[in-house]
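[1] here's a sequence, model it:
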Amino acid sequence: MKNFKFDTPKIITKGTILLRQGEIVKYGYLVQKGCLKSYAIDPAGKKHILQFAPESWMISDLDSFTNQVPSLVYIEAIENSEVLLISKSDFKGIDTLEKDFVVDIAIKFRNNLIASNKRIIGLLSSTAEQRYIDFTVTYPTLVQRLPLKLIAAYIGVTPEYLSDIRRKILKK
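    The predicted structure follows:
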C-alpha cells in the first residue's frame with residue numbers, strides 16, 4: 001500500500017480567502033492550527049456563516065470538490081492558520097492509500113455532515129439560546145477564541161442579544 005504523505009502545512013494569514021463563490025474547489029483543507037470558516041453571501045450582501053473549522057476539522061465545498069461544479073460558498077481564514085491541502089487527485093488512487101488515512105478522512109467528512117445537519121435542524125426549530133448551547137457543544141474550543149460578532153452571526157442573532165443569552169445561561 002502506498003503511504004500517503006501530505007506536503008508541508010500551508011501557512012494561511014488571517015483574512016485570506018481560500019475559496020470564492022463560483023470557483024471550482026481545488027482542495028479540501030485539513031486544519032492543523034487556527035480556524036477557517038465557510039459562508040455564503042445572500043443577494044442583499046449579508047454573510048451567513050455555515051461552518052467553522054478549528055484544529056482537526058476539514059472544510060471544503062463537498063459538492064464542488066466532488067462534482068467539479070461552481071462553489072456556493074466562500075472559505076476564509078479567521079485566524080492565522082496552518083492547513084494541509086487535500087486535492088481531488090489525492091483520492092483517485094484511494095485503493096492504494098493506507099486504510100487509516102482513508103478512515104480518518106471519511107470520519108472527518110462524516111462529522112462535518114453531521115454538524116451541518118444538526119445546524120440546519122437547529123436553525124429551523126431551536127431557540128437562539130439552544131443554538132448557542134449547540135454551538136458550544138460542537139465547537140468547545142472556539143467559545144473563547146472567536147469574537148462575539150462571529151458567534152452571533154453563526155447562531156443568527158445580534159452580538160447584543162448573544163450577550164443577553166450568555167448572561168442568562170450563567171445565571172442558571
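
[2] neighbours of R167, how many?
    Using other Cβ atoms under 10 Å, R167 has 9 other residues around it. Every residue, glycine included, has its C-beta placed from N, CA and C.

[3] quick check: which element contains it?
    Per DSSP states H and E: R167 is located in helix 159-171.

[4] buried sites along the lengthiest helix in the chain?
    Taking DSSP state H as the criterion, the chain has its longest helix at helix 99-125. Within helix 99-125, the residues scored as buried using 16 or more other Cβ atoms under 10 Å are F101, I105, K108, N112, A115, R119, G122.

[5] in JSON lines: the residues you listed, plus distance to L62 and pLDDT.
    As requested, those are arranged in JSON lines below (distance: Cβ to Cβ, whole Å; pLDDT from 0 to 100):
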{"residue": "F101", "distance to L62": "18", "pLDDT": "71"}
{"residue": "I105", "distance to L62": "12", "pLDDT": "74"}
{"residue": "K108", "distance to L62": "11", "pLDDT": "79"}
{"residue": "N112", "distance to L62": "8", "pLDDT": "78"}
{"residue": "A115", "distance to L62": "13", "pLDDT": "82"}
{"residue": "R119", "distance to L62": "15", "pLDDT": "84"}
{"residue": "G122", "distance to L62": "20", "pLDDT": "81"}
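
[6] and which of those is nearest to L150?
    R119 (14.6 Å; Cβ to Cβ).

[7] give me the angle between the next helix or strand after the longest helix of the chain and helix 159-171.
    Moving toward the C-terminus from helix 99-125, the next helix or strand (DSSP H and E) is helix 128-138. Put simply, helix 128-138 runs at 80 degrees to helix 159-171, going by axes from the mean of the first three to the mean of the last three Cα atoms, to 10 degrees.

[8] counting by contacts, list what helix 128-138 packs against.
    For helix 128-138, the elements it packs on are helix 99-125, helix 148-155, helix 159-171, judged by 3 or more Cβ pairs under 8 Å, 6 or more residues apart in numbering; DSSP states H and E.

[9] picking up where we left off before, run the chain-centre distance for the helix holding R167.
    24 Å (Cα atoms, centre = their mean, to the nearest Å).

[10] thanks again, I'm all set now.
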